[in-house]
Structures are given as C-alpha cells and as structure tokens.
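Chemist: Using only what follows, build the 3D model:
(2 chains)
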Number of protein chains: 2
Amino acid sequence: MIRRLAVIGVGLIGGSLARALRAEGAVGEVVGCGRGIENLETAMRLGIIDRYTHDIGEAVEGADLVFLAVPLGAMRSAFEAMRGHLSPDAVVTDGGSVKGSVVRDCVAVFGEMPPWFVPGHPIAGTENSGAEAAFAELYRQRRVILTPLPETAPAALTRVEAMWRLCGAEVVEMAVDHHDEVLAATSHLPHMLAYTLVDSLARMKENDEIFRYAAGGFRDFTRIASSNPVMWRDICIANSEAIGAKLEAFASELTELSDTLKRGDSDHLLKIFSRAKAARDRYIDGVGQ
Amino acid sequence: MIRRLAVIGVGLIGGSLARALRAEGAVGEVVGCGRGIENLETAMRLGIIDRYTHDIGEAVEGADLVFLAVPLGAMRSAFEAMRGHLSPDAVVTDGGSVKGSVVRDCVAVFGEMPPWFVPGHPIAGTENSGAEAAFAELYRQRRVILTPLPETAPAALTRVEAMWRLCGAEVVEMAVDHHDEVLAATSHLPHMLAYTLVDSLARMKENDEIFRYAAGGFRDFTRIASSNPVMWRDICIANSEAIGAKLEAFASELTELSDTLKRGDSDHLLKIFSRAKAARDRYIDGVGQ
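Modeler: You can find the predicted model right below:
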C-alpha cells in the first residue's frame, strides 16, 4: 500500500502507473507534478491525480513513493529539485529508457548512489502521449526491468517490485550496463533505422512520389519513426556509446549484404531470410507481444 | 469482359485478382495453374477457379487474358512454357515486384518485347499466402503500376488497365527502371533492414533474452521479416543493382548518424528525428494506407 504517490511527469507512463495503482486500490493520494497546466488539469479531470504542483520539491514532500517519468534530459534537474524535500521513508524509482545515464545523474546530484533509489524501465508504451493517453492496463503482462545497484536498499527494491506486480507486470532484474546494451539492440537501433529510412526518403527530390508507392509493410515498418523526437534525442545522448556501436555493426552487415547481392549468392540470401523469418515467427509471434 | 482468364500461380495475388473479377461479373471462366494440388483444390473449393491444370501451355490455351503470378525466379520458365500456346487475341500481364528482370526474361524467350505483354505490379499484399488467403477486396484503393514499353500494343495496355480498375485499383504508368528504383527504396530496402536486424539479433549469443525484451514497436518494425524468404531471395537477385546501391547508401547514413552521436550533436539528432516524424505523419498516415 502506498500512502502518497508523487508522479513527476503525468504522461502516458506516469499517468498509467497512477491509474493502475488506483484501480487496485493500492494508493492513498496521488500528487502530480509537471510544467503544462493543461495536461495536469486533464489528469485531474480524469481522476488520475488528486492534486498537482509545478514544483518538484513540493510534490515529493510527504510522499512514500516517487515515480520519475520525465525525459532523460530532465532527470538530473529533477533529482536536484527533490534534494532536501524527500521523506525519510521515501523510495524513488523512474521509468527512463536508459539506465546508465539516470544512475550517473543521480550520483552527480547526491554524491553517491542513494539506497532509496531503484532505477527502473517498464517496457511498455504506445505511440500516444500525455495524461489523456494513460490507461490502467498499460503494464499488464509487460516486463519491467529494474537495475538495482549494490548500494540499493533491499527493502526499497522490494517495494518497487511489489508496486509493478500490482500493475500486472513481470519484474526482472538486470545490471545497468546490460540493460543499456539489450535495449540498444532491441529498441534504440530499430528506432534509428526507422528514423534514418524515413528521413533519407523525405530528403529525396521525388519524395512525394516515393511515399505514394510505399506499400502496407512500409507503414508498420516506419511506425516508430512517428515517436517523440525530443525523447529519442535524449535517449541517443544518454546511450550514445551503445547505440553508436550498434549502428556501426549494422552498417557493416548492410555492406556485407550488398556484397552478397553483388556476388549473386542466392543460397546465402535464402539462408539469411529464412533464419530471420524463423526467429521472428518463433520469438515475436510466439510470445504474443 | 474477360472470356477466359488463366491464372498462373493461384496464391494471394493471383487468387485475389480472380475473386475480384468474379465479384464484378467480369470474367467467364477462370483456369488455375500451379504445382501444388492441395492449393489448387482449395481454390476450386472456394470457387476462385473453375478448373485447373499443372501445365502452363494447357492453361493458356484459349485464354484471352493471362495473369502471371509466379515467383520472379520462375518467370522465364513460365514464358517458355506458354510459347506456342497463346491465343492470337491473348493479352499477358504479371504481378512481379521487379519489372526489369521480367522484361529481360520475356525478351530472352520471345526474342523481342512482344506487343501483347504488359508488365505490371499491384502494390498490395498481406503477410498471408496461398489461395486460402485470397480475397476480392485486396486491390481496392491500391495502386497498380504498369510499365509498358514502346513495343506494347495500346489495346493490350487498355485491357489490362480496365481489368485492374474493375478490381478497384488506381492504375499508374511508370518506366521500367524507375519502377525498380522506387520499389528498391520503399519496399526492398525496408525488407532488407528488417531481415538483417532480426537475423543479427538471432545470431547473438543471448538471443533468447534479446527477443524477450523487445517491445511492441519491435513487433511492427520486424513484421516484414516474416515475409516469404524464397520470394525475397528472388527479388534480391532480380533487382540486385538497385537494392545494392540503396544498401550502401543506407550504410553510409548509419555511419554518419553514429558520428553525430559521437559528437553529441543533439540539435542535429533532433532535426533528423523531427523531419522523419513530420514526413511519416504527413505522407503515410495522411494518405490513409
């Protein structure tokens, strides 16, 4: 049971957590914090939060659980704003897509990794954003990765785990660096490919025509290129090393594929495509995501 | 009105054409031709075709319209098999995803570009295949690209255009090479990216874990990697030059993006992502595909 939940950033991610916990009767009061008054008023109207403030220090006062759902580029200033305002029993966790940078920001502000901070990343989302997009079921049967450090208090970890399980999520633990590597491969790289493809087509002279002949598959393939550009700029800066390495490795793979085409090596092409199809059919459709 | 339609390859593409024309009452008899007896029996049971044969020569006898919906790698032998069996009034068209190779195959077999052949490409499909997957509405509000040559008889072109319009498609004309360039950019390159990504992840040691943490966006992004590997091997071989060039250009773009990350140039990242989002939102969702 959470007495008072402070949600810093009441968008899809933060708002859905509040909704899920409310639906379970697992939270007393929810305090929202953000910049945009319109979004906060929407969150009030929808019953996601009980009250709001624009001040992070004020928002966390008296809260026993603080959820940081701000863009990665705003994490450091959020930590700064809450310093000196947290309750002695407060546990803080976050929803950032990169964990190394959040840990670095936290340590930079507090001088060491505080025992009450549990870095986390719910693997869930939709292409929509804002409080209006939040819904209680977002985390059901989704995975939430927590990346506790040696300094993290076991009791804090237990409370954050319990919170996510109440939302219907499966909680897994992972080392910070490993999280950032895995996400670079499965999420950050695909986003870079989709953005780069759409941008390169858009920069072609005859781009009107190009897009006109894009078939159904193109729409699905490029859906992630409609994601929030600011959020993805922040992810790139926060995880630049891992993403850069993946980009370079992938560029080499494409050059190799081009060589295979030049050689007319149809057996090798068939092998690549068959292996990919088998993997996708097995892992992706198999797990029903 | 088509007296007798011969469909060579009664799968999603060929079967849907037959169904659409039947639904319009625009065809007398439909003769199916293929190798697999089970698929042809399914097509009979579903009323897609009236009778079938495994022999292409026999299938085209007496047909006034022949639709070639075989894999690109089987086009040449299909032309060879129909030589000497076509009616004097027969018009032949095809559904191949690459047009240069089909034209080359046709010219190789007939010694010149025959006036009765209209190369075509309906930009439509689903991830399903076989007669069972065929449906009359597949081509509605879809584009069909025809790539007639100077040798093509205007009357043949008119008949093929009329046939596709009856199916609800929008017919456009394009030069052969231009078609293959445009499709390399909008369809062949994205398929190569999806296949390469899934294959590279599948080859990683910890691939079980990698796929487990793939989020929703990954599923959409990689859907096209579940496409038929044989069909895509054929497309690669048939359009290897244009696809190879796109792969190399794209590899350079990724290397540039990696440099942008290394420099930490967040303004440039934001510019790329914003431009891509705007293009996709405008062109893709805007046209309602």
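Chemist: Any stretches of the stretch 101-250 of chain A with poor pLDDT?
Modeler: Where the stretch 101-250 of chain A drops to pLDDT under 70, the residues are A:215-216.
Chemist: switch to 50 and redo it
Modeler: Filtered on pLDDT under 50, the stretch 101-250 of chain A yields no residues whatsoever.
Chemist: Which stretches in it count as helices?
Modeler: Ranges of helices in the stretch 101-250 of chain A, per DSSP state H, counting those that start in this stretch, are A:154-166, A:176-183, A:189-202, A:207-212, A:216-221, A:229-238, A:240-263.
Chemist: so A:Ser226 touches A:Ser129, yeah?
Modeler: No - checked against Cβ atoms under 8 Å, the pair A:Ser226 and A:Ser129 is beyond contact range at 11.0 Å. Every C-beta, even on glycine, is put in place using the N, C-alpha and C of the backbone.
Chemist: Redo the helices of the stretch 101-250 of chain A as JSON lines? Include distance to chain B.
Modeler: Shown next, in JSON lines, are the helices of the stretch 101-250 of chain A (distance: least, Cβ to the nearest Cβ, whole Å):
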{"stretch": "helix A:154-166", "distance to chain B": "15"}
{"stretch": "helix A:176-183", "distance to chain B": "5"}
{"stretch": "helix A:189-202", "distance to chain B": "4"}
{"stretch": "helix A:207-212", "distance to chain B": "4"}
{"stretch": "helix A:216-221", "distance to chain B": "4"}
{"stretch": "helix A:229-238", "distance to chain B": "4"}
{"stretch": "helix A:240-263", "distance to chain B": "4"}
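Chemist: okay if I get the ones you listed as a markdown table plus mean neighbour count and distance to B:Val171?
Modeler: Output for the helices of the stretch 101-250 of chain A, formatted as a markdown table (neighbours: other Cβ atoms under 10 Å in any protein chain shown; distance: least, Cβ to Cβ, whole Å):
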| stretch | mean neighbour count | distance to B:Val171 |
| --- | --- | --- |
| helix A:154-166 | 18 | 54 |
| helix A:176-183 | 20 | 45 |
| helix A:189-202 | 24 | 23 |
| helix A:207-212 | 17 | 13 |
| helix A:216-221 | 21 | 18 |
| helix A:229-238 | 22 | 37 |
| helix A:240-263 | 19 | 31 |
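Chemist: Adding distance to A:Ile272, write these out as CSV.
Modeler: Below are the helices of the stretch 101-250 of chain A laid out as CSV (distance: least, Cβ to Cβ, whole Å):
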stretch, distance to A:Ile272
helix A:154-166, 38
helix A:176-183, 23
helix A:189-202, 16
helix A:207-212, 26
helix A:216-221, 18
helix A:229-238, 28
helix A:240-263, 7
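Chemist: closest one to A:Cys106 among those?
Modeler: With Cβ to Cβ as the criterion, A:Cys106 lies closest to helix A:176-183 of the helices of the stretch 101-250 of chain A, at 11.2 Å.
Chemist: Name whatever forms a beta bridge with A:Val172.
Modeler: When bridges are called by DSSP bridges, A:Val172 pairs up with A:Ile145.
Chemist: my guess is it meets A:Arg143, correct?
Modeler: Yes - with contact defined as Cβ under 8 Å, A:Val172 reaches A:Arg143; the gap is 5.9 Å.
Chemist: higher neighbour count, those two?
Modeler: A:Arg143 (19 against 16; other Cβ atoms under 10 Å in any protein chain shown).
Chemist: Am I right that the more buried one is in contact with A:Gly168?
Modeler: No - taking Cβ under 8 Å as the definition, A:Arg143 is not a contact partner of A:Gly168, at 11.2 Å.
Chemist: Overlap in contacts, the two.
Modeler: By Cβ atoms under 8 Å, 6 or more residues apart in numbering or on different chains, A:Arg143 and A:Gly168 have no common neighbours.
Chemist: any idea of the pLDDT on A:Gly57?
Modeler: Looking at A:Gly57, its pLDDT stands at 98.
Chemist: oh sorry, the question was meant for A:Val287
Modeler: We have a pLDDT of 48 for A:Val287.
Chemist: who touches the closest residue to A:Asp199 other than its chain neighbours in this structure?
Modeler: Computed as Cβ to Cβ, 6 or more residues apart in numbering or on different chains, the closest residue to A:Asp199 that is not its neighbour in sequence is B:Ala276, at 4.1 Å. Residues near B:Ala276 by Cβ under 8 Å, 6+ apart: A:194-196, A:198-199, A:202, A:225, A:229.
Chemist: And A:Glu151, by the same measure?
Modeler: A:Glu151 makes contacts with A:112-115, as judged by Cβ under 8 Å, 6+ apart.
Chemist: again, only using 10 Å
Modeler: Taking Cβ atoms under 10 Å, 6 or more residues apart in numbering or on different chains, we find A:Glu151 in contact with A:107, A:112-117.
Chemist: are any of those buried, and which?
Modeler: The neighbour count (16 or more other Cβ atoms under 10 Å in any protein chain shown) marks A:107, A:113-117 as buried among those.
Chemist: so which of those comes closest to B:Val31?
Modeler: The closest of those, once distances to B:Val31 are taken by Cβ to Cβ, is A:Phe117, at 71.5 Å.
Chemist: you'd agree A:Val160 is up against A:Leu146?
Modeler: Yes - using Cβ atoms under 10 Å, A:Val160 is in contact with A:Leu146, at 6.4 Å.
Chemist: got any residues that touch both of the two?
Modeler: Listed as contacting both A:Val160 and A:Leu146 by Cβ under 10 Å, 6+ apart are A:93, A:118-120, A:152, A:171.
Chemist: tell me which residues in stretch A:76-95 are buried?
Modeler: Neighbour-count burial for stretch A:76-95, counted by 16+ other Cβ under 10 Å, picks out A:76, A:78-79, A:81-82, A:85-87, A:90-95.
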